[in-house]
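Undergrad: coords please:
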Amino acid sequence: MNFSNGVQNKVIFVMGSTGTGKTKLSVSLATHFPAQIINADKIQVYKGLDIITNKISDDETLGVPHHLLGFVDPDEDFTAEEFCQHTLLAIARIIQKGCVPIIVGGSNNYIKALVEDPTIQFRQKFDCCFLWMDVSLPVLYEYVGKRVDKMVELGLVEEVREMFHPKADYTRGVRRAIGAPEMHKYLEIEGHEMIDEAAKKMLLDAAIKEIKENTCKLVNNQLEKIQRLRDELGWEIHRIDATNVLKHSGKEAEEAWEIAVMKPSLEIVGEFFKEKGLVVSSTFKPCSPAGEGIGDDAEKSISSMV
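TA: Here you go, the predicted model:
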């Protein structure tokens, strides 16, 4: 789809706890509407630790431009104020290209700072559409646990080992990511010949268990913040229930995604554009840097994303 009369000051937010499918939805939307994506995950802004931070791969972007992703030095701090500054610049560039900015991520404090800061006056400058990817907690807990196991298979331990330092500071930079501090004790002793393999395995298993537990705590924290934005600050947030997607796999999961996520999301976003005076035509031309299309197989490729 394309806009026949241009895009002016419209911003879409895709929010939700970790593991709910925010990334997949953002790319899916960008294959239906001319859009570019701005990362709002305060850990994914850093270079490095791509596995434990679950950064989207180049292939998974399907050619959709992504901003604020993996560009900050791993040892630096990146504040909410800096996020706002970079995001406003990215929004201006995206709109200038005739595209819609999609801000996606689970760092709700950053999103709140952007939208609510009185000096920025975001609401006065932009029309906002908030989508909330939600999943039943028992289902989500099970899913993120399995995702941690998958990360281990993909090389989580090796990835953290490459950045390991006995005196590492886990309160700043990319090392704050869940998965790095939990591995510290194991990596500290894994090379010691005096410690037997059984003890090492026990420490590794304990670290993986702790990663899963802390991920579930993060889920709860993110969920509570979204509910406060809705209930205390009065944000109009459209809840998308993706529970059935994570309950299934393969073709059933794809069908559930189309019914439970894509159909309502496209209806909400389509109505948002119509309300704001944008006319959406049936000619689809994704918003790539060179103005070229993403390709006919884009939507098929999305089904493989987590």
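Undergrad: list the contacts for A242?
TA: By C-beta atoms under 8 Å, 6 or more residues apart in numbering, the contact set of A242 is 20-21, 133-135, 257, 260-261. Bear in mind the C-beta positions are built from the backbone N, C-alpha and C, glycine included.
Undergrad: Turn those into a markdown table, including secondary structure and distance to N9.
TA: Converted to a markdown table, the contacts of A242 look like this (DSSP: H, G, I helix; E, B strand; the rest coil; distance: C-beta to C-beta, whole Å):
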| residue | secondary structure | distance to N9 |
| --- | --- | --- |
| T20 | coil | 27 |
| G21 | coil | 27 |
| M133 | strand | 24 |
| D134 | strand | 27 |
| V135 | coil | 31 |
| W257 | helix | 30 |
| A260 | helix | 30 |
| V261 | helix | 26 |
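Undergrad: Show me which pair in those residues is furthest apart.
TA: By the measure C-beta to C-beta, D134 and W257 form the most distant pair in the contacts of A242, at 14.3 Å.
Undergrad: Most neighbours among the contacts of A242, which one?
TA: Within those, most neighbours by other C-beta atoms under 10 Å means T20, with 29 neighbours.
Undergrad: Just give me the neighbour total for the closest residue to Q222 other than its chain neighbours.
TA: Excluding its sequence neighbours, the residue lying closest to Q222 (C-beta to C-beta, 6 or more residues apart in numbering) is S17, at 4.2 Å. Counted with other C-beta under 10 Å, the neighbours of S17 add up to 26.
Undergrad: With M133 as the reference, measure out to S17.
TA: Distance, S17 to M133, by C-beta to C-beta, to the nearest Å: 8 Å.
Undergrad: hey, what's in contact with both of those two?
TA: Common neighbours of S17 and M133, counting by C-beta under 8 Å, 6+ apart, are absent.
Undergrad: follow-up on the earlier one: give me the local confidence score for the residue nearest to Q222.
TA: As predicted, S17 sits at a pLDDT of 98.
Undergrad: need the contact list for it.
TA: 106, 133-135, 140, 218-220, 222-223, 226.
Undergrad: could you check the distance from it over to K247?
TA: Relative to K247, and taking C-beta to C-beta, S17 is found at 16 Å.
Undergrad: likewise G70?
TA: 32 Å.
Undergrad: Neighbour count: those two, which is higher?
TA: Per other C-beta under 10 Å, whichever of G70 and K247 has more neighbours is G70, with 18 against 15.
Undergrad: which stretches of the chain have low pLDDT?
TA: 1-8, 276-286, 288-306 (pLDDT under 70).
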